[in-house]
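J.: A predicted structure for the sequence below; I have some questions about it.
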Amino acid sequence: MTDSTERARAFDLYQNRKKDALIEGKEVPKFEQKTLTDPDAFIKKAKELVASTVNKLSVDTGGVADLTDADFYIVWFVKVLGNWKALVSTDAFHGYYYEVTYNGAKNESYVDTYVKSDNRAVSDEEYNDAFMS
């Protein structure tokens, strides 16, 4: 069954409950949107997921223990067609950054951990000499 079919089925079920409530003179239930739509909620969720990931995994935190979402910050985030993505970092320890992706179609999040292995400066002159000659 596709996600759009599941959403349509959920909405049909809601419509039936709404009709029953109106007939019985009861309070009409609200339709619950499962997909994450609030940017602040996504940012909070992303930081909480990263803190949980760091605390569960054996990430070398330089002696810092039991990190919370307050120890992390969002470097960048975007929403495209119901999906969110955030790059998350911390000043508590160095060498790692995290990418949190929210899949709106499946209502699930993915946390990817990256290790910084190299950082070098390349001047425009070096680039031009290497690639433009």
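T.: Received the coordinates, thanks.
J.: pretty sure Y98 is touching V115, no?
T.: No: the criterion here is Cβ atoms under 8 Å, and Y98 misses it with V115 at 10.8 Å. Where you see a C-beta, it was placed from the backbone N, CA and C, and this is true even at glycine.
J.: Between these two, which has more neighbouring residues?
T.: Y98 (23 against 9; other Cβ atoms under 10 Å).
J.: Dihedrals phi and psi, the more buried one?
T.: phi -130, psi 140 (degrees, to the nearest 10).
J.: how near is it to K79?
T.: 18 Å (Cβ to Cβ, to the nearest Å).
J.: and if you look at E108?
T.: On the measure of Cβ to Cβ, E108 and K79 end up 16 Å apart.
J.: which of these two has more neighbours?
T.: Counted by other Cβ under 10 Å, E108 and K79 do not tie: K79 has more neighbours, with 15 against 9.
J.: Assign the more buried one to helix, strand or coil.
T.: strand (DSSP: H, G, I helix; E, B strand; the rest coil).
J.: thinking it is in contact with P39, fair?
T.: Yes: with contact defined as Cβ under 8 Å, K79 and P39 form a contacting pair (6.9 Å).
J.: low-scoring pLDDT stretches of this protein, where are they?
T.: Counting by pLDDT under 70, the chain contains low-confidence ranges at 1-16, 18, 21, 28-36, 58-62.
J.: Just the helices from it, written as ranges.
T.: 3-24, 39-56, 124-131 (DSSP state H).
J.: how much space between A86 and F72?
T.: With Cβ to Cβ as the criterion, A86 and F72 are 10 Å apart.
J.: again, but for E108
T.: 20 Å.
J.: how about Y73, what does it touch?
T.: By Cβ atoms under 8 Å, 6 or more residues apart in numbering, the contact list for Y73 reads K47, V88, S89, T90, D91.
J.: can those residues go into JSON lines with extra columns for neighbour count and distance to D20?
T.: Below are the contacts of Y73 laid out as JSON lines (neighbours: other Cβ atoms under 10 Å; distance: Cβ to Cβ, whole Å):
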{"residue": "K47", "neighbour count": "23", "distance to D20": "41"}
{"residue": "V88", "neighbour count": "25", "distance to D20": "44"}
{"residue": "S89", "neighbour count": "15", "distance to D20": "50"}
{"residue": "T90", "neighbour count": "20", "distance to D20": "50"}
{"residue": "D91", "neighbour count": "8", "distance to D20": "54"}
